[in-house]
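Asks: After the sequence you'll find the predicted model.
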Amino acid sequence: MLLLAPMEGITRPEFRDLIIDCGGVDVVATEFIRVSGYKQKLKPFVRHRIPLQIQFMSSQPDILATNIRRLKKIGYLKDDDWIDLNVGCPSRRVNSSGAGAALLKQPDRLKQHIDALRENHPDGPCSIKMRLGCDSTENFEPLLDMLESAPLDFLSIHGRTRSDMYSSPIRFEKIALAVKRLPFPVVGNGEIWSVDDAQKMLEETSVRGLMIGRGALADPYLFTALRRAFGEQSLPEHRDYTERVDELFDFSHRVLSMLESRQHRQNGAIGPFKEFSVWFSRNPIVGSEFFQGVKRLQHIGEIRTFIDTHAKLRLSTPYSS
Ligand SMILES: Cc1cc2nc3c(=O)[nH]c(=O)nc-3n(C[C@H](O)[C@H](O)[C@H](O)COP(=O)(O)O)c2cc1C
């Protein structure tokens, strides 16, 4: 199973569509939806031709339960929807209210949240997305003790603690321990940027699925590359370098158009495009000069010209891996 990770500010409906169009992905996720009030206003969820994982963030199980019931009553949430709980967000503000990674410090409270998911969503897939711990991995084994009997369909693990943020190496041995101990499938997440990274995650942990976040921003065709590499689906054989350059820079044009269509201000898409470019530039075919170039630009037209010029440059001077 290949999943697009939830990413706040990024995995909005139009972006999910772009990734789905690139192929290979089984499930896409919303960004987290914070539920903090009993009568909170929420928008309907935009669906796709593949399952959508709707991710909630909560610090109070009864508020979570009430919102799930209400969303079902008004038809926003369907019985077979995939729903997920955020147990990994490292934001200080979020954690100070007891949500996100803070739940890792309170296994009992986490259990109450999981029960709230299951009791109010008995027929659809329920999962959590967690880190290895808050300040350390000290609590990881007690968490696994609790999770062993949790009514979940699967669980995804970002192989770091909250304090690790995004910097330390992924702790494969901890993910492997979860795979060994838990009766339901575990999905591995963290630093999968290439087929080799995915292979390493699979070999070291035996996870049953991969969840990819920033790697899909650097290479939206990574999911299809994984399918090809693991022989799960018949896809066009290897693309040559020119095709890779074309498809990647076409994708960046589509991201820009998508951002433009969702902005009301002129040039309002530029900021979000620059944020996207940070990750997109991690692709060696794209190169860090892409972000360096984009970050100086102030107009959409300039960005479009820059994308084309940079693509031509990459065709004439391929990167050497
Ligand atoms: C910009 C950004 C926004 C994120 N938003 C969320 C979120 O809404 N919910 C969540 O569970 N994780 C969120 N994450 C964490 C990712 O889902 C993922 O766990 C993390 O980036 C590690 O995976 P990766 O190395 O494949 O990117 C976010 C990460 C980034 C970079």
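Replies: Here it is on my side, so go on.
Asks: can I assume Leu77 is in contact with Phe56?
Replies: No - look at Leu77 against Phe56 with Cβ atoms under 8 Å: they stay out of range, at 10.2 Å. All C-beta atoms are positioned from the backbone trio N, CA, C, and that covers glycine.
Asks: what sits in contact with each of those two?
Replies: Residues touching both Leu77 and Phe56 (Cβ atoms under 8 Å, 6 or more residues apart in numbering) are 68, 83.
Asks: which secondary structure elements does the lengthiest helix in the chain contact?
Replies: In the chain, taking DSSP state H as the definition, the longest helix is helix 241-261. Applying 3 or more Cβ pairs under 8 Å, 6 or more residues apart in numbering; DSSP states H and E, we find helix 241-261 packed against helix 13-22, helix 270-280, helix 300-316.
Asks: now the angle from the shortest one to helix 270-280?
Replies: It stands for helix 13-22. Per axes from the mean of the first three to the mean of the last three Cα atoms, to 10 degrees, the angle that helix 13-22 makes with helix 270-280 is 40 degrees.
Asks: Any idea how far helix 13-22 is from the middle of the chain?
Replies: With Cα atoms, centre = their mean, to the nearest Å as the basis, helix 13-22 stands 13 Å off its chain's centre.
Asks: That one and the ligand, are they touching?
Replies: No - Helix 13-22 lies out of reach of the ligand by Cβ under 6 Å from any ligand atom, never closer than 11.4 Å.
Asks: In terms of secondary structure, what does that helix contact?
Replies: strand 27-29, helix 222-230, helix 241-261.
Asks: Kindly export that helix (C-alpha atoms) in CSV.
Replies: C-alpha atoms of helix 13-22 as CSV (Å, rounded to 0.1, in the frame of the first residue of the first chain):
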residue,chain,number,x,y,z
PRO,A,13,-7.9,18.6,-2.8
GLU,A,14,-6.3,20.1,-6.0
PHE,A,15,-2.8,19.0,-5.0
ARG,A,16,-4.1,15.5,-4.2
ASP,A,17,-5.6,15.4,-7.7
LEU,A,18,-2.2,16.3,-9.3
ILE,A,19,-0.5,13.6,-7.4
ILE,A,20,-3.2,11.0,-8.2
ASP,A,21,-2.8,12.0,-11.9
CYS,A,22,0.9,11.1,-11.7
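Asks: hmm, who's touching that helix?
Replies: 4, 25, 28, 46, 48-50, 52, 216, 220-221, 223-224, 251, 254-255, 258, 261-262.
Asks: And for the second one?
Replies: Counting by Cβ under 8 Å, 6+ apart, the neighbours of helix 270-280 from elsewhere in the structure are 9-10, 214, 217-218, 248, 252, 255-256, 259, 286, 290-291, 294-295, 297-300, 303.
Asks: What pLDDT does the model give the residue of the chain found nearest the ligand?
Replies: Scanning the chain for proximity to the ligand using Cβ to the nearest ligand atom identifies Gly213 as nearest, at 2.8 Å. Gly213 carries a pLDDT score of 98 in this model.
Asks: Skipping adjacent residues, who's closest to it in space?
Replies: Sequence neighbours aside, Ala5 is the residue nearest to Gly213 in space, at 3.4 Å (criterion: Cβ to Cβ, 6 or more residues apart in numbering).
Asks: mind listing what the one you found touches?
Replies: Counted by Cβ under 8 Å, 6+ apart, Ala5 has contacts 11, 29, 129, 156, 189, 211-213, 216.
Asks: what's the answer for Lys39, then?
Replies: Applying Cβ under 8 Å, 6+ apart, the residues near Lys39 are Arg70.
Asks: So for it, what's the pLDDT?
Replies: Reading off the model, Lys39 has pLDDT 86.
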